[in-house]
Structure formats: C-alpha cells, structure tokens
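*Asks:* Below are the sequence and a predicted model; questions follow.
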Amino acid sequence: MAEHFKIEFATEEDIPELMKIVAQSFGDYPVEQAFGNIDTQEARKASGRRHLRAWRDHMEESRQYPAIKCVHTDPDTGKKTIVGFAEWFIYDRLRTPEKMEECNSLLSGAWLPEETGQRVRNWMQPLYDARRRWLSGRPHAVLMYMCVHKAWRRRGVATMCIQHGLDRCQELSVPAWLEASAEGEPAYRRLGFVEVEKVSFWIEGEEARFPVMVWWPPGWRVEERVAALP
C-alpha cells in the first residue's frame with residue numbers, strides 16, 4: 001500500500017545501500033562501465049564518494065539538497081528498507097556561463113586516468129551540448145540516477161521519486177530535464193515529460209541513445225517551451 005512508502009532525504013549513511021541500487025540498475029550500461037561504475041564493492045565505494053561530493057557541490061552552489069530516497073516500512077515488523085533513489089539537481093536561479101560550461105561532476109570523468117577521461121568526455125560531448133543548449137540562461141532542474149531496487153519495481157516507487165522533484169519544480173516554476181532510459185521513459189511520459197530530441201554517441205563501437213525529455217511548468221507559454229540557445 002502507498003501509505004507504507006515515504007520519500008525522505010538521503011544521507012551519507014545511506015550511500016552503501018543507494019550505490020547497490022544504482023549499480024544493479026545501471027551497471028550494464030556502456031556509459032556507466034566507461035566511467036568505472038560497475039557492480040563491485042570497491043567500485044560502489046568509489047561511486048558513493050563521487051555522489052557525496054556532487055551533493056555537497058550542489059548544496060554549496062544552490063542550497064538545494066539533491067538526494068532523495070524512497071523508504072518502505074513493513075507494517076508488521078516496522079523494518080525500514082530503502083527501495084528507490086533519485087538525485088534532483090535543482091537550480092532556482094540563473095547559473096553563470098562558466099557554471100553552465102561545467103558538467104555535473106558525476107559526468108566529468110575526473111577520477112579516470114587523463115587520457116581515458118578525455119576519451120569518455122569526447123564520447124559524451126553531444127549530451128553536454130544538449131544540456132547547455134536547452135538549459136543555459138534559465139533556472140532549471142536535472143533528474144539524474146532515478147532507480148528502484150529490482151524487487152520493488154512496479155509498485156509506484158519511481159512515480160513517488162519523480163513526483164517529489166516535480167512538485168518542487170512547480171513551486172519554483174522551473175523546467176525539469178532528463179535523459180531517459182528505455183525502462184524509465186514510460187513513467188516520465190505519464191508524469192508529463194515530453195521528448196524534445198534524442199542524444200546519441202558511440203562508446204567503443206556501441207551506440208548509446210537517450211531520449212532527451214523536458215517537463216514544462218504549468219503556465220509556460222508554447223513559445224517558452226523551446227531550447228534556451230539557438
């Protein structure tokens with residue numbers, strides 16, 4: 001039942017469990033493998049440190065805490081289980097051009113050897129360019145790493161995590177951006193996201209394709225629902 005699920009802010013202590021869900025959900029994606037985000041204990045620890053840094057960086061810039069978790073409470077035993085995780089990077093004011101040129105640290109590849117990191121960044125340049133094209137010059141939100149433990153899928157967990165961020169976006173009247181996975185796209189569409197373009201790039205001969213989707217705040221005119229830059 002829905003009353004047994006609750007959205008809460010994630011904490012540093014939650015990171016081991018959260019990274020298990022992330023690795024389980026995305027560990028087979030070539031782009032995640034290129035970043036070293038694989039499902040091993042050491043890789044999960046390293047990934048957790050990077051996520052924590054990204055949370056702190058975002059708080060320093062925007063004062064908006066990005067990490068949320070969905071917790072299930074067993075009605076019989078009271079046991080609490082983290083069943084979902086999402087990061088909502090919300091910018092409620094204009095970012096400087098210099099900040100818009102910086103990609104989120106989770107996508108920077110800064111932890112990789114220099115040559116490898118540059119190669120990964122070159123692969124992903126179309127994604128970086130699309131974000132800047134649509135988001136520069138306007139407050140906005142970016143949804144990253146929306147994932148649900150495989151044992152708890154199709155129970156409304158993803159909807160709760162997405163809607164939590166959209167409620168905040170509606171309060172601030174800012175558009176929300178994401179690059180959708182095939183599994184997540186139907187849920188995003190149901191909640192009002194629309195596809196605005198597709199981003200594709202090649203990693204070691206394998207194509208990665210992501211529908212770019214935007215949720216527009218109520219009241220935004222049609223002429224406003226376009227890329228921020230030509």
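*Replies:* Cool, got the structure.
*Asks:* partners of the residue nearest to the spatial centre of the chain in the sheet?
*Replies:* The centre of the chain sits closest to M144, judged by Cα atoms, centre = their mean, with a distance of 0.3 Å. Judged by DSSP bridges, the bridge partners of M144 are E87.
*Asks:* where along this protein do the strands fall?
*Replies:* 5-9, 67-73, 80-91, 140-148, 176-179, 194-203, 206-215 (DSSP state E).
*Asks:* Any chance of the ones you listed in a markdown table with distance to A130 and mean pLDDT as columns?
*Replies:* The way it works is simple: take the backbone N, C-alpha and C, and place the C-beta from them, glycine included. Compiled in a markdown table, the strands of the chain are given as follows (distance: least, Cβ to Cβ, whole Å; pLDDT from 0 to 100):
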| stretch | distance to A130 | mean pLDDT |
| --- | --- | --- |
| strand 5-9 | 28 | 98 |
| strand 67-73 | 24 | 98 |
| strand 80-91 | 16 | 98 |
| strand 140-148 | 12 | 96 |
| strand 176-179 | 8 | 96 |
| strand 194-203 | 5 | 91 |
| strand 206-215 | 6 | 90 |
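*Asks:* Dump these to CSV, plus distance to Y128.
*Replies:* Formatted as CSV, the strands of the chain follow (distance: least, Cβ to Cβ, whole Å):
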stretch, distance to Y128
strand 5-9, 28
strand 67-73, 22
strand 80-91, 14
strand 140-148, 12
strand 176-179, 11
strand 194-203, 10
strand 206-215, 12
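*Asks:* So for K20, which of these sits nearest?
*Replies:* Counting by Cβ to Cβ, K20 lies closest to strand 80-91 out of the strands of the chain; the figure is 9.1 Å.
*Asks:* the inter-axis angle of the closest one versus strand 140-148?
*Replies:* For strand 80-91 against strand 140-148, the angle by axes from the mean of the first three to the mean of the last three Cα atoms, to 10 degrees is 160 degrees.
*Asks:* Now do strand 80-91 against strand 5-9: the angle between them, please.
*Replies:* Angle between the axes of strand 80-91 and strand 5-9 is 50 degrees (criterion: the same axes, to 10 degrees).
*Asks:* Which positions in strand 80-91 come out as buried?
*Replies:* 82-91 (16 or more other Cβ atoms under 10 Å).
*Asks:* Now distance to W215 too, for the residues you listed, in CSV please.
*Replies:* Shown next, in CSV, are those (distance: Cβ to Cβ, whole Å):
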residue, distance to W215
I82, 25
V83, 23
G84, 19
F85, 19
A86, 14
E87, 16
W88, 12
F89, 14
I90, 12
Y91, 15
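*Asks:* And the furthest pair within those?
*Replies:* Top of the distance list for the buried residues of strand 80-91 (Cβ to Cβ): V83 and Y91, 27.8 Å.
*Asks:* what residue ranges in this structure are flagged as low confidence?
*Replies:* For the chain, the stretches with pLDDT under 70 are 1.
*Asks:* measure the residue of the chain positioned farthest from its centre to K69 for me?
*Replies:* Here the chain reaches farthest from its C-alpha mean at D76, the gap being 33.0 Å by Cα atoms, centre = their mean. D76 sits 22 Å away from K69 when distances are taken as Cβ to Cβ, to the nearest Å.
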